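Novice: Please work out how this folds:
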Amino acid sequence: MKYSLTMILCAVSGSAIARQPIMDMAPRWNDGYGVQTRVTHTNSQTTTWLEGVYTFKPSVRMTLKVPSVAGEIGDSIFAVPLKKYTNYKDFTSNWSVTPSVRIPTGKGDDWDGGLSFSYSSETKSIYQLYDLYALGDDIGLDINVGRVFPSGKGSSWFALWDVSAFDSNSGQRILTGPVAVYFKRNLVLRAEYKLPAYDDDSAWSGDFVGFNIGVVY
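Specialist: Numbers count the residues shown, from 1 in each chain. Next comes the predicted model:
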């Protein structure tokens with residue numbers, strides 16, 4: 001069965017809808033900005049996302065995510081993450097409310113509104129993220145939990161486990177698998193692999209492979 005470009009992008013973009021550049025983590029300063037490329041492969045399709053973030057201050061930012069499949073631009077997602085930070089010497093956390101809109105920059109003409117509620121925290125050894133989100137008719141839950149390995153030289157490794165649950169008009173699925181993240185000054189790398197723990201989604205087939213590279217200033 002052949003699917004439209006919009007349906008393919010909806011099928012592969014559950015985590016892209018949820019997560020914000022850059023990896024939900026940076027920048028954390030006034031007037032910070034960053035760009036990232038996210039490449040995902042599933043359903044025998046490779047999707048490339050060009051994503052950007054601008055931070056007015058740590059609690060207020062805006063993001064834009066533009067997908068492309070086989071050289072064709074899909075529908076973009078614009079969002080305004082609003083965060084409430086709590087910072088201590090060895091601990092930081094934030095609650096976030098993120099209104100968003102899917103813009104018909106692809107072949108469609110429909111606009112979709114969305115909303116996300118998330119919580120994340122980080123210590124010297126543990127990172128966790130919980131994100132409940134909706135965009136149009138799509139609803140999802142994204143969870144990342146794992147270890148942090150700081151080098152003491154301005155860089156850190158994150159070894160995480162991801163669980164992504166997704167519900168849409170085409171069905172439901174739960175994907176799970178490992179995630180590796182590396183920070184080095186203004187460079188951020190992320191790689192992930194997820195396989196279906198549950199799959200009752202007619203627009204989904206196979207595993208999920210993703211790689212991100214981003215820079216922040």
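Novice: Out of the helices and strands in this protein, which is least certain?
Specialist: Least confident element among the helices and strands of the chain, by mean pLDDT, DSSP states H and E: helix 5-12 (a mean of 42).
Novice: Buried residues of the strand or helix carrying residue 164, list them for me.
Specialist: Per DSSP states H and E: residue 164 is located in strand 155-168. Buried positions in strand 155-168, judged by neighbour count with 16 or more other C-beta atoms under 10 Å: 156, 158, 160, 162, 163, 164, 165, 166, 167, 168. In short, each C-beta sits where N, CA and C put it, glycine included.
Novice: swap in stretch 68-77?
Specialist: Buried residues in stretch 68-77, counted by 16+ other C-beta under 10 Å: 68, 69, 74, 75, 76, 77.
Novice: do stretch 90-102 as well
Specialist: Residues of stretch 90-102 classed as buried: 94, 96, 98, 100, 101, 102 (neighbour count, 16+ other C-beta under 10 Å).
Novice: can the buried residues of strand 155-168 go into CSV with extra columns for pLDDT and distance to residue 150?
Specialist: Listed next are the buried residues of strand 155-168 as CSV, based on pLDDT from 0 to 100; distance: C-beta to C-beta, whole Å:
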residue, pLDDT, distance to residue 150
156, 92, 5
158, 95, 10
160, 96, 15
162, 96, 21
163, 96, 25
164, 95, 26
165, 96, 30
166, 95, 32
167, 96, 37
168, 93, 38
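Novice: Residue 141: which of these is nearest?
Specialist: Residue 141 lies nearest to residue 165 out of the buried residues of strand 155-168, by C-beta to C-beta, at 4.5 Å.
Novice: Next, work out how far apart the closest one and residue 56 are.
Specialist: Going from residue 165 to residue 56 by C-beta to C-beta, to the nearest Å gives 32 Å.
Novice: can you check residue 94 too?
Specialist: Distance from residue 94 to residue 56, counting by C-beta to C-beta: 15 Å.
Novice: cool, residue 81 as well?
Specialist: Using C-beta to C-beta, residue 81 is found at 11 Å from residue 56.
Novice: And these two? Which one has more around it.
Specialist: Each of residue 81 and residue 56 has its neighbours counted (other C-beta atoms under 10 Å); residue 81 has more, 22 against 12.
Novice: Any stretches of the chain with poor pLDDT?
Specialist: Within the chain, the ranges that satisfy pLDDT under 70 run 1-18, 23.
Novice: Okay then, goodbye and thanks.
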